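J.: Need the 3D shape of this:
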Amino acid sequence: MFTWRVSKQSIFDEIQSLFETAKAKEYLGEDITLIEHMVQCGDLAKLNRAPDWLVVAALLHDLGHILIPDAQEAQDAGSDRHHDEVGASWLAQRFPSNVVQAVKLHVDAKKYLVATNPEYFEKLSDSSKKTLGIQGGAFSAKECEEFLRQDFANEAIQLRIWDDAAKVRGMSDATLDRFRHEIQKVASQG
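T.: The predicted model follows:
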């Protein structure tokens, strides 16, 4: 598993640096860059008046894709590099457990939603349908029950819904600065 040290720069600046390294990267087969997608997801959380911690989780839910050097190649080869766990591991050193858990569960939330809502699968992008298979497919009934028993599972489901809606090129700019307050506030609670 990956491990990272917390740097001496502010957490906001650290995240900004990560975003800048990935600005030009396309988002694993989606018609949007990864950074546009993440900012758009954070914007949707704000628009829905989510608590600050869930806005931060929505904004940073796919950070693992930035931290994994070969994410696109792995997906193309049909390999899951577990961006959810990689991102959660990095966030655990900087943010409280509610942020970490929502990020960690956002892939499982997709598996849950596909298993429990027959129409949900059809709403997924082609790329998200492909990654669903790579990630193990829909949950069984037992896995759905186990998923719901986890802390912050319902918030991860909401995050996942925003995740799926946050794939519209040009809807949001890739500016992180408007999340500075939430990032600093929530990081100080960790």
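J.: for the protein, what spans make up the helices?
T.: When secondary structure is read from DSSP state H, the chain shows helices at 11-22, 34-47, 52-60, 63-67, 71-76, 83-92, 97-116, 120-123, 126-134, 141-148, 153-165, 180-187.
J.: quick one: contacts of the third one?
T.: The contact list for helix 52-60, computed with C-beta atoms under 8 Å, 6 or more residues apart in numbering, reads 15, 38-39, 41-42, 44-46, 50, 87, 91, 95-96, 98-99, 102-103, 155, 158-159, 162-163, 176, 179, 181-183, 185-186, 189. Glycine gets a C-beta too; all of them are placed from N, C-alpha and C.
J.: Just to check, residue 90 is in contact with residue 64?
T.: Yes - taking contact to mean C-beta atoms under 8 Å, the distance of 7.4 Å between residue 90 and residue 64 places them in contact.
J.: ok, now how distant is the closest residue to residue 128 other than its chain neighbours from residue 158?
T.: With C-beta to C-beta, 6 or more residues apart in numbering as the measure, residue 164 is the residue that lies nearest to residue 128, at 6.7 Å, once sequence neighbours are left out. As for residue 164, its distance to residue 158 is 11 Å (criterion: C-beta to C-beta, to the nearest Å).
J.: Same question for residue 145.
T.: As judged by C-beta to C-beta, residue 145 and residue 158 stand 19 Å apart.
J.: Those two - which one has more neighbours?
T.: residue 158 (20 against 11; other C-beta atoms under 10 Å).
J.: dump the residue contacts of the more buried one.
T.: Contacts for residue 158 (C-beta under 8 Å, 6+ apart) come out as 48, 50, 54.
J.: For the second one, which non-adjacent residue is closest in space?
T.: Counting by C-beta to C-beta, 6+ apart, the nearest residue to residue 50 once its immediate chain neighbours are dropped is residue 58, at 6.9 Å.
J.: tally of neighbours for that neighbour?
T.: Around residue 58 there are 32 other residues, counting by other C-beta under 10 Å.
J.: Report pLDDT for it.
T.: Each residue has a pLDDT score; the one for residue 58 is 98.
J.: residues in contact with the closest residue to residue 31 other than its chain neighbours?
T.: In space, not counting the residues next to it along the chain, residue 31 is nearest to residue 169; the distance is 5.4 Å by C-beta to C-beta, 6+ apart. If you count contacts by C-beta under 8 Å, 6+ apart, residue 169 has them with 31, 32, 36.
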